[in-house]
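>>> Any chance you could fold what I've pasted below:
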Amino acid sequence: MRRAVCPGSYDPATNGHLDIIERASRLFDEVVVTVMINKNKKGLFAIEERMELLRDTTASLPNVRVDSWQGLLVDYCRANDIAAIAKGLRSVSDFDYELQMAQMNRELSGVETLLMPNNPVYGFLSSSLVKEVATYGGDVTNLVPPLVLERLKEKLPALG
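Now for the predicted structure:
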């Protein structure tokens, strides 16, 4: 079985994330969307909320499941018999960083990384930018799945 992981913080999940997840789901038998836990960062959404939102927004993709992990991604891959990491690239600066990570992950564990260019429609999109715009009441309707938009409105009164 060809398995891949799509790691990220997903705080919150955006349409750009979903684009990569959907495309990866066509390439692999199983895709595990893994919410990476960083105890040093305070997220807008709790880990469980992020996982629930991801489960709901990927429900139409039968070969996608959602999990979480704290630690090195390569350790997650080893523990779950996953041979590939699928990630999106928005820009050249993303490429520089992701190439280093891909090379390190391969050196540490032999896990390969598939770097997919994002759909140009989402080339500017990041969770941080969505949160910033939403905090000030900006319209993020076309940037996140409808359920995520609902939850953002609950968390950020200015967006309401």
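
>>> Span of stretch 62-76 from start to end?
By C-alpha to C-alpha, to the nearest Å, the extent of stretch 62-76 from end to end equals 21 Å.

>>> List the buried residues of it.
By neighbour count with 16 or more other C-beta atoms under 10 Å, stretch 62-76 contains the buried residues Val64, Val66, Ser68, Trp69, Leu73, Val74, Tyr76. (Each C-beta comes from the backbone N, C-alpha and C, glycine too.)

>>> distance of the first one from Asp29?
Note on Val64: its distance to Asp29, by C-beta to C-beta, to the nearest Å, is 11 Å.

>>> just Arg78 next, same as before
18 Å.

>>> Those two: which is more packed in?
Arg78 (14 against 10; other C-beta atoms under 10 Å).

>>> Please, where are all the strands along the chain?
3-8, 30-36, 64-69, 84-89, 112-117 (DSSP state E).

>>> Determine the longest helix present in this structure.
helix 92-109 (DSSP state H).

>>> in that helix, what's buried?
Residues of helix 92-109 classed as buried by neighbour count (16+ other C-beta under 10 Å): Asp94, Glu98, Ala102, Asn105, Ser109.

>>> Tell me where the model's unsure across this structure.
160 (pLDDT under 70).

>>> which residues does Thr34 bridge with?
Beta-bridge pairing for Thr34 (DSSP bridges): Pro7, Asp67.
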